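**Q** Based on what follows, work out the 3D shape:
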Amino acid sequence: MGKQTAHAAIEESIAVRVSVNSIIVNVVLSVAKFAAGIIAGSGAMISDAVHSASDVFSTVVVMIGVKMAGKQSDVRHQYGHERLECVASLILAIALAATGIGIGYSGIIKIIDADYQALEAPGLLALFAAVVSIIVKEAMYWYTKAAAKQINSGALMADAWHHRSDAMSSVGSFIGILGARIGYPVLDPAAGAVICIFIVKAAVSIFRDAICKMTDVACDEKTVRQIYRIAIEQKGVIAVDDVKTRMFGNKKYVDLEIS
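**A** Numbers count the residues shown, from 1 in each chain. The predicted structure follows:
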């Protein structure tokens, strides 16, 4: 039992370290890209900065939600506070979607109403920021993925793919900024509008996951069959009359009716 506890503590330590490093990198990168977008006049880079910042907000909100959800049950909340994590996720998803839609709308308006002759190409700083972002986010993808495999963490693996998503977003920024600099300035706001799709997609994913948790989605059929098999094999059990399951985060709740 002591070894299992020590092993769990090591895994938690690794997950926390990777998450903290991820937050630090995303904060620094988001601020740098936002500044580069403002200075160089690149809507695509500003959109990319918001996309990177979404991971920071996601991690922070989820950490707050998890902390609140971990509170012990009380007289008014006799089943605990686990669903507060869902509330935090829903707030994040709505805010993120609103941000993405706003950025996309701004980019589309600029494309429709802009005087393409007067539209200025973004500065070289924005192009450099896009290259740096691609390299850093791809490196973070491999770093986080390795840690996820080491401790078999689905949450860390999801975070790794967030980094890969950011890298792809930065590739879009690079293409838009480069196109604008070689004579097609409309490509910069176009890239910004496209990147908003990534932001809204992330928001929808977070929203759907929260809704699934709040509506008690059942475990997969394989897990249910395994629970049934284990139950029926127990001494004194004649039949399993009903198996009901629900998932909440990494927990599975089971109600069994047996004869």
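**Q** Tell me where the model's unsure across the stretch 51-200 of the chain.
**A** Where the stretch 51-200 of the chain drops to pLDDT under 70, the residues are 58-72, 77-85, 88-89, 92, 103, 110, 113-121, 152-155, 158, 192.
**Q** quick one: the strands in it?
**A** In the stretch 51-200 of the chain, no segments count as strands under DSSP state E, counting those that start in this stretch.
**Q** now the helices: where do they sit in it?
**A** With helices called from DSSP state H, counting those that start in this stretch, the stretch 51-200 of the chain shows them at 84-113, 124-151, 154-181, 187-214.
**Q** which strands and helices sit next to the longest one?
**A** Contacts defined by 3 or more CB pairs under 8 Å, 6 or more residues apart in numbering; DSSP states H and E place helix 84-113 against helix 43-69, helix 187-214. The way it works is simple: take the backbone N, C-alpha and C, and place the C-beta from them, glycine included.
**Q** who are the neighbours in contact with the residue lying closest to Ala130 once chain neighbours are set aside?
**A** Among residues not flanking Ala130 along the chain, Phe174 sits closest, at 3.9 Å (CB to CB, 6 or more residues apart in numbering). Going by CB atoms under 8 Å, 6 or more residues apart in numbering, Phe174 touches Leu127, Ala130, Val131, Ile134.
**Q** Quick check: the gap between the last one and Ile91.
**A** It refers to Ile134. 31 Å (CB to CB, to the nearest Å).
**Q** Give me the more crowded residue out of those two.
**A** Counted by other CB atoms under 10 Å, Ile134 and Ile91 do not tie: Ile134 has more neighbours, with 18 against 14.
**Q** about what we covered before: export the helices and strands packed on helix 84-113 to JSON lines and tack on mean neighbour count?
**A** JSON lines is the format used below for these (neighbours: other CB atoms under 10 Å):
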{"stretch": "helix 43-69", "mean neighbour count": "22"}
{"stretch": "helix 187-214", "mean neighbour count": "20"}
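**Q** May I have stretch 94-105 exported as PDB, CA atoms only?
**A** The C-alpha trace of stretch 94-105 is given here as PDB (Å, rounded to 0.1, in the frame of the first residue of the first chain):
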ATOM      1  CA  ILE A  94     -18.500  30.400 -23.200                       C
ATOM      2  CA  ALA A  95     -15.800  33.000 -22.700                       C
ATOM      3  CA  LEU A  96     -13.500  31.300 -25.200                       C
ATOM      4  CA  ALA A  97     -16.200  30.900 -27.800                       C
ATOM      5  CA  ALA A  98     -17.100  34.600 -27.500                       C
ATOM      6  CA  THR A  99     -13.500  35.600 -27.900                       C
ATOM      7  CA  GLY A 100     -13.000  33.400 -31.000                       C
ATOM      8  CA  ILE A 101     -16.200  34.600 -32.700                       C
ATOM      9  CA  GLY A 102     -15.200  38.200 -32.000                       C
ATOM     10  CA  ILE A 103     -11.800  37.700 -33.600                       C
ATOM     11  CA  GLY A 104     -13.300  35.900 -36.600                       C
ATOM     12  CA  TYR A 105     -15.900  38.600 -37.100                       C
END
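**Q** for it, which positions count as buried?
**A** Residues of stretch 94-105 classed as buried under the neighbour-count rule (16 or more other CB atoms under 10 Å) are Leu96, Ala97, Thr99, Gly100, Ile103, Gly104.
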